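Asks: From the sequence below, what's the structure:
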Amino acid sequence: MDISQKLKKLSKNMQEISRELTSLSLETNSPYIKEKAAELYGSSLIALEWAKATTKVLKAKEAINEYRA
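Replies: Numbers count the residues shown, from 1 in each chain. Okay, the predicted model is just below:
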């Protein structure tokens with residue numbers, strides 16, 4: 001599993017935890033938990049963007065190596 005796949009998996013896990021926290025915040029009516037869920041969700045989107053960028057870099061690196069060969 002390369003780094004981009006790990007980042008995608010991490011992002012998915014973070015989004016799932018964020019959903020659980022959002023559900024908990026609705027049950028407890030806690031603005032703090034809701035805020036933290038939103039922060040975690042935002043971080044998961046950043047991780048997903050890093051995964052996409054990493055995939056592009058890895059593909060470019062592979063293309064360069066093929067060109068050199």
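
Asks: State which helix of this structure is the longest.
Replies: helix 31-68 (DSSP state H).

Asks: Quick one: mean pLDDT over it.
Replies: This predicted structure assigns helix 31-68 an average pLDDT of 92.

Asks: where does the residue nearest the centre of the chain fall, helix, sheet strand or coil?
Replies: Nearest to the mean C-alpha position of the chain, by CA atoms, centre = their mean, lies residue 11 at 2.5 Å. Three-state assignment for residue 11 (DSSP: H, G, I helix; E, B strand; the rest coil): helix.

Asks: list the contacts for it?
Replies: Contacts here follow CB atoms under 8 Å, 6 or more residues apart in numbering; on that basis residue 11 touches 44, 45, 47, 48, 51. The way it works is simple: take the backbone N, C-alpha and C, and place the C-beta from them, glycine included.

Asks: And for residue 4?
Replies: 51, 52, 54, 55, 58.

Asks: what about it, which helix or strand?
Replies: helix 3-28 (DSSP states H and E).

Asks: Which strands or helices does the longest helix of the chain pack on?
Replies: helix 3-28 (3 or more CB pairs under 8 Å, 6 or more residues apart in numbering; DSSP states H and E).

Asks: Could you check the angle the helix it packs on makes with helix 31-68?
Replies: Here helix 3-28 runs at an angle of 170 degrees relative to helix 31-68 (axes from the mean of the first three to the mean of the last three CA atoms, to 10 degrees).

Asks: ok, residue 66 to residue 11 distance?
Replies: 29 Å (CB to CB, to the nearest Å).
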